[in-house]
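> model this:
(one chain, ligands or ions: 2)
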Amino acid sequence: MDGLLTVSDDGLYCPAGDFHIDPHRPVQRAVVTHAHGDHAARGSEHYLTSAEGEGVLRHRMLDGASIQTLSYGETLDINGVTVSLHPAGHIRGSAQVRLEHGGEVWVVTGDYKVAADRTCTPFELVECDVFITECTFGLPIYRWPDPADVFEKINRWWKKNQEEGKTSVLFGYSLGKAQRLIAGVDPSIGPIYCHGAVQKMNAVYREDGVDLPPTTYVSDENALDDWSEALVVAPSSAGGSRWMQRFDPVSTGFASGWMRIRGNKRRRSLDRGFVLSDHLDWPNLNAVIDGTGAETIYVTHGNNDSFARWLNEEKGLDARELPLRSQYDG
Ligand SMILES: [Zn+2]
Ligand SMILES: [Zn+2]
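Ligands and ions are numbered 1, 2, ... in the order given. Next up, the predicted model:
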């Protein structure tokens, strides 16, 4: 890959502007699409992120980190490269990075989704020549149901557990997914309790003005004799841990795009899988790629080989795999 962006040992690099995008190691100047760990590494000299994303990024970086912000759509000249950030709709503050230089426009999506989520600004389609996109769910089997229907299912599961005297423990990524879940369930059903990792991020979202229903931190002081009325929101890493024992008997649920595949629920010994992703599904991924008008596409974060081949063969685009390390936060 060469041109406005190249791949360095630290990640995506813009030679003309002398900055990195989502470097996985500390650098001089990092433009950060969002605060998830696989995109925002600690220790860089300077960060540039969206104004909406400052709170969450600051929470995740070292104390005193130098963070400059741009409102969505605002432009900044970095060594002659015009840089702007545009909503990605993935989590609070998530941004696509638009670069313009020498008459060419490149866009780097970071992670993104188009589905409704009132905890962050909705995705905006940005036209470009070269589009660098995640394709976490770049297979035709990945089609998402309407999120409103998924929340109805979660509400019904919670009520049924109350009737059966079981604690409802709902797993989801602690930054982004958890807040989307809390914002989307019906809080009149019962109290919402959160694992510490989730409760911390709730506080950052609330400071940002996101309206979340009341939540209580799961601690010894706040312990209940009977948890069966409660919905407990926790990162999936808490599953099977000693922390979970206090909630017995439980019903466990997991909200993720990976729950589209039935075997994943069984493999994780979950009682329920809710198909709710912070990434876009197959039809939307294809629609966005078409909408950008880009003729050159780099894909990352998924089944890159097969998705690049699909874009080449079915759409006649110049599509390639971006040779970067990637992780999956589903
Ligand atoms: Zn992410
Ligand atoms: Zn990611």
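
> Run through who's touching the helix or strand encompassing residue 149.
Following DSSP states H and E, one finds residue 149 within helix 147-164. Helix 147-164 has contacts (C-beta atoms under 8 Å, 6 or more residues apart in numbering) with 115-117, 167-168, 170, 181, 184-186, 189-190, 228-229, 231, 251, 253, 255, 272, 274-276. Placement of C-beta: from N, CA and C, glycine included.

> Can you select the buried ones among those residues for me in PyMOL?
Only the buried entries of the contacts of helix 147-164 go into this PyMOL selection, using 16 or more other C-beta atoms under 10 Å:
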select buried, resi 115+117+167+168+170+181+184+185+189+190+228+231+251+253+255+272+274+275+276
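
> Which of the contacts of helix 147-164 fall within strands?
167, 168, 170, 231, 251, 253, 255, 272, 274 (DSSP state E).

> Switch those residues over to CSV, and while doing so, append pLDDT and distance to residue 243 to every line.
As requested, those are exported to CSV (pLDDT from 0 to 100; distance: C-beta to C-beta, whole Å):
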residue, pLDDT, distance to residue 243
167, 98, 12
168, 98, 16
170, 98, 14
231, 98, 16
251, 97, 16
253, 97, 17
255, 96, 19
272, 96, 20
274, 97, 21
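
> which one of these is nearest residue 292?
Nearest to residue 292 among the ones in strands among the contacts of helix 147-164: residue 255, at 28.6 Å, using C-beta to C-beta.

> May I have the beta-bridge partners of the closest one?
Under DSSP bridges, the beta-bridge partners of residue 255 are residue 274.

> So whichever residue of the stretch 101-250 of the chain sits closest to ligand 2, which state does it fall into?
Shortest the stretch 101-250 of the chain-to-ligand 2 distance, computed as C-beta to the ion: residue-wise this is residue 111, at 4.3 Å. Three-state call for residue 111 (DSSP: H, G, I helix; E, B strand; the rest coil): coil.

> you'd agree it is up against residue 32?
No - contact criterion C-beta atoms under 8 Å: residue 111 and residue 32 do not qualify, at 11.9 Å.

> Mutual contacts of these two, please.
Joint contacts of residue 111 and residue 32 (C-beta under 8 Å, 6+ apart) are residue 39.

> From the structure, what's the count of residues near the nearest residue to residue 135 once chain neighbours are set aside?
Closest residue to residue 135 apart from its sequence neighbours, by C-beta to C-beta, 6 or more residues apart in numbering: residue 302 at 3.8 Å. Neighbour count for residue 302, taken as other C-beta atoms under 10 Å: 21.

> same deal with the one 5 residues further on?
One way to gauge burial is a neighbour count; for residue 307, by other C-beta under 10 Å, it gives 26.

> Setting aside sequence neighbours, what's the nearest residue to it?
Using C-beta to C-beta, 6+ apart, the closest residue to residue 307 is residue 138 (3.7 Å).

> so the one you found, which of the three states?
Under three-state DSSP, residue 138 comes out as coil.

> who are the neighbours in contact with it?
282, 285, 299, 302, 303, 304, 306, 307, 310.

> Contact partners for residue 253?
Residue 253 neighbours (C-beta under 8 Å, 6+ apart): 154, 157, 168, 169, 170, 171, 270, 271, 272, 273, 274.

> What is the nearest of those residues to ligand 1?
Nearest member of the contacts of residue 253 to ligand 1, counting by C-beta to the ion, is residue 171, at 16.5 Å.
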